[in-house]
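Engineer: Got a predicted model here, sequence first, then my questions.
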Amino acid sequence: MAWRVPDIDDIYATLGKDKIEVYRASANWTEDPIKRLCKRASAYVRGHLKANGRVKMSPNESEIPESTISPAMDYLAFDILNRLDAGISDERKEARRQAIAFFEKISSGEMSVEDYGEVEDKPRISIGVKPPIL
């Protein structure tokens, strides 16, 4: 998996376009608030990756591993809903809690993520060996 910058499509996938557009219109912003929130989410994730101490980091301060994008958006969605006073569902609160736990596992070294620049291995096929039945 690659590293990349989270974008508006990632938060659309988590909350839906309607809520995001209401959030964007909720104040007089000097820049796109979604870009700012995505930068904050990236900084949050990268802080946990740095705390781990064993993750090779991207030189781009906005890039995070693909495997962390979804939990980062769950973390971020809570902030958006909180600002809108939209009422935060128990499911959304649980998603935030799980995202925080996920990032804590990364920072403690209990869980690992892909290093920047890591190339996924191609599937290995051994001649004469049957693949496991799933």
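Structural biologist: Cool, got the structure.
Engineer: I'd like the next helix or strand past the helix or strand harbouring residue 73.
Structural biologist: Using DSSP states H and E, residue 73 sits in helix 66-84. Moving toward the C-terminus from helix 66-84, the next helix or strand (DSSP H and E) is helix 90-108.
Engineer: who touches the lowest-mean-pLDDT helix or strand in the chain?
Structural biologist: Within the chain, no helix or strand scores below helix 17-25, which has a mean of 88 by mean pLDDT, DSSP states H and E. Outside helix 17-25, the residues that touch it by Cβ atoms under 8 Å, 6 or more residues apart in numbering are 8, 11, 12, 32, 33, 34, 80, 81, 83, 84, 86. Where C-beta positions appear, they are placed from N, C-alpha and C, glycine not excepted.
Engineer: Neighbour count, pLDDT and distance to residue 116 added to those residues, as a markdown table?
Structural biologist: Below are those laid out as a markdown table (neighbours: other Cβ atoms under 10 Å; pLDDT from 0 to 100; distance: Cβ to Cβ, whole Å):
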| residue | neighbour count | pLDDT | distance to residue 116 |
| --- | --- | --- | --- |
| 8 | 15 | 92 | 23 |
| 11 | 24 | 94 | 23 |
| 12 | 16 | 94 | 26 |
| 32 | 11 | 84 | 26 |
| 33 | 17 | 87 | 27 |
| 34 | 21 | 88 | 24 |
| 80 | 24 | 91 | 28 |
| 81 | 19 | 91 | 31 |
| 83 | 14 | 86 | 32 |
| 84 | 14 | 87 | 34 |
| 86 | 14 | 73 | 36 |
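Engineer: nearest to residue 55, of those residues?
Structural biologist: Within the contacts of helix 17-25, proximity to residue 55 (Cβ to Cβ) peaks at residue 11, which comes in at 23.6 Å.
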